[in-house]
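In: what follows is a predicted structure for the sequence shown.
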Amino acid sequence: MMGCGTVSHGALLAAAPFAGPRPRVLALSPPPSTPAIQLPLPKAQGKGRCEASLASNYTNTSEFADLDWESLGFGLVETDYMYIAKCGPDGNFDKGGMVPFGPIAMNPSSGVLNYGQGLFEGLKAYRKSDGSILLFRPLENATRMQTGAERMCMPAPPVEQFVDAVKQTVLANKRWVPPTGKGSLYIRPLLVGSGAVLGLAPAPEYTFIIFASPVGNYFKEGLAPINLIVEDKFHRATPGGTGGVKTIGNYASVLMAQKIAKEKGYSDVLYLDAVHKKYLEEVSSCNIFVVKGNVISTPAIKGTILPGITRKSIIDVALSKGFQVEERLVSVDELLDADEVFCTGTAVVVSPVGSITYQGKRIEYAGNQGVGAVSQQLYTSLTSLQMGQEEDSMGWTVQLN
């Protein structure tokens, strides 16, 4: 693990974004004769970490990072710091703290690399018009990580530590939170089996990491209709499996079907259940909703579908607006007969579906340029709450001071 005071120039270059020009992360570039970049950090304490006080050093700055905020997509933009905490065989996590963002050292025999013992979460921070920052429902993410960790035979950080670590990470990277209306800071907590293990068994050590990246829209269409294809050969999850928790393997398994779909011009894939092959499950990384009249239906959480936090929030918002919401089995026939269809997720928030293709048959949904009235209403209501543009009567947001 790199120390808290310096980070090598080579290590920073090795962690370049996946595509596009690399944004400037540090204010100064090293001269040719300088072997390392000195970061403006307080003196490290123990294990090479900067303690929790680091975050407070950034609470009073309103400086924005040097970034084209008008052109944000949903891709990695490397920020300044990340949070790391360790857990040994006793099952207790250390205090953790902030370190410069960059590569991490890991044993080739670690549990996550060999057996996929890992989980992740996703949540967002928004900048209000007055400059303050809001988190959206971090307690839900903390609780969901604990549920997933139990299923994957992993210890999880306590809820209080999870939420505090998220706050630290956001404040340490405050200059990367986009201006109001330009996007959000996507926060990615990771829990991985980092200890070495050769035979199939839980890892002896775990690492809890949080990094963040400013993001724009997940789909290039933005709040515009996406085009889905119903997948009836590949399946995302099966009863008794891990489809209901946010384990890393769930996402690798959808890449093949997604790749094929995108090569054919579709935005993403909608999966059916693996038993009857006729009931809706979810899209690759988001939940699905079907609208018919005043009734909004979504597949019930039954172990194969991720209990999305945005899904849960949209259900509550829809009920408050007078809609009838049903969580149940939803057949593909109902999908094809719907008035409107939309997806929800932390990354997409609400994404209207403009068309569904199933076994060669394409169904298009009417709306204002493909955006249905229900999708628009729920999107506006939820995002206004997330960004602090209307009173949070639900008690979902957490303001960082």
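Out: Perfect, I can see it now. Numbering: from 1, shown residues only.
In: could you list the low-pLDDT ranges of the stretch 251-400 of the chain?
Out: Across the stretch 251-400 of the chain, the ranges flagged by pLDDT under 70 are 367-368, 370.
In: name the helix or strand for Gly244, please.
Out: Using DSSP states H and E, Gly244 sits within no helix or strand.
In: now for the residue nearest to Cys286 when sequence neighbours are not counted, how many residues are close by?
Out: Of all residues not flanking Cys286 in the chain, Gly345 sits nearest, at 3.3 Å (CB to CB, 6 or more residues apart in numbering). (C-beta placed from N, C-alpha, C; glycine too.) If you count neighbours by other CB atoms under 10 Å, Gly345 ends up with 21.
In: any idea how far Gly345 is from Lys124?
Out: Applying CB to CB, to the nearest Å, the value for Gly345 to Lys124 is 11 Å.
In: so what's the residue nearest to Cys286 up against?
Out: With contact taken as CB atoms under 8 Å, 6 or more residues apart in numbering, Gly345 is in contact with 218, 285-287, 308, 310-311, 351.
In: from the contact counts, what lies against the strand or helix carrying Ala318?
Out: Using DSSP H and E, Ala318 sits in helix 309-320. Judged by 3 or more CB pairs under 8 Å, 6 or more residues apart in numbering; DSSP states H and E, helix 309-320 is in contact with helix 138-151, strand 287-292, strand 295-299, strand 324-328, strand 340-345, strand 349-358, helix 373-386.
In: tell me which of the ones you listed sits nearest to Gly249.
Out: Minimum separation from Gly249 across the helices and strands packed on helix 309-320 (CB to CB) falls at helix 138-151, 11.6 Å.
In: re the thing from before, dump the C-alpha coordinates for the helix holding Ala318 into CSV.
Out: Listed next in CSV are the C-alpha coordinates belonging to helix 309-320 (Å, rounded to 0.1, in the frame of the first residue of the first chain):
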residue,chain,number,x,y,z
ILE,A,309,-32.4,1.7,-3.4
THR,A,310,-33.7,3.9,-6.3
ARG,A,311,-36.4,1.2,-6.9
LYS,A,312,-37.5,1.5,-3.3
SER,A,313,-37.5,5.3,-3.5
ILE,A,314,-39.5,5.4,-6.7
ILE,A,315,-42.1,3.1,-5.2
ASP,A,316,-42.6,5.5,-2.3
VAL,A,317,-42.6,8.6,-4.5
ALA,A,318,-45.2,6.9,-6.8
LEU,A,319,-47.4,6.0,-3.9
SER,A,320,-47.2,9.6,-2.6
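In: run through who's touching it.
Out: The contact list for helix 309-320 (CB under 8 Å, 6+ apart) reads 123, 137, 140-141, 144, 286-287, 289, 296, 298, 325, 327, 344-346, 348-350, 378, 381-382, 385, 394, 396.
In: can you tell me which residues contact the residue positioned nearest the centre of the chain?
Out: Central residue of the chain (CA atoms, centre = their mean): Gly122, 2.6 Å from the mean position. Gly122 makes contact with 141, 186-188, 346-347 under the criterion CB under 8 Å, 6+ apart.
In: including neighbour count and distance to His235, could those go into a markdown table?
Out: Converted to a markdown table, the contacts of Gly122 look like this (neighbours: other CB atoms under 10 Å; distance: CB to CB, whole Å):
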| residue | neighbour count | distance to His235 |
| --- | --- | --- |
| Asn141 | 23 | 26 |
| Tyr186 | 21 | 28 |
| Ile187 | 26 | 30 |
| Arg188 | 16 | 26 |
| Thr346 | 23 | 23 |
| Ala347 | 18 | 22 |
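In: now do the phi/psi pair for Val177.
Out: Backbone torsions for Val177, taken as degrees, to the nearest 10, come to phi -70, psi 120.
In: which parts of the stretch 51-200 of the chain are helices?
Out: 53-56, 111-115, 138-151, 159-172 (DSSP state H, counting those that start in this stretch).
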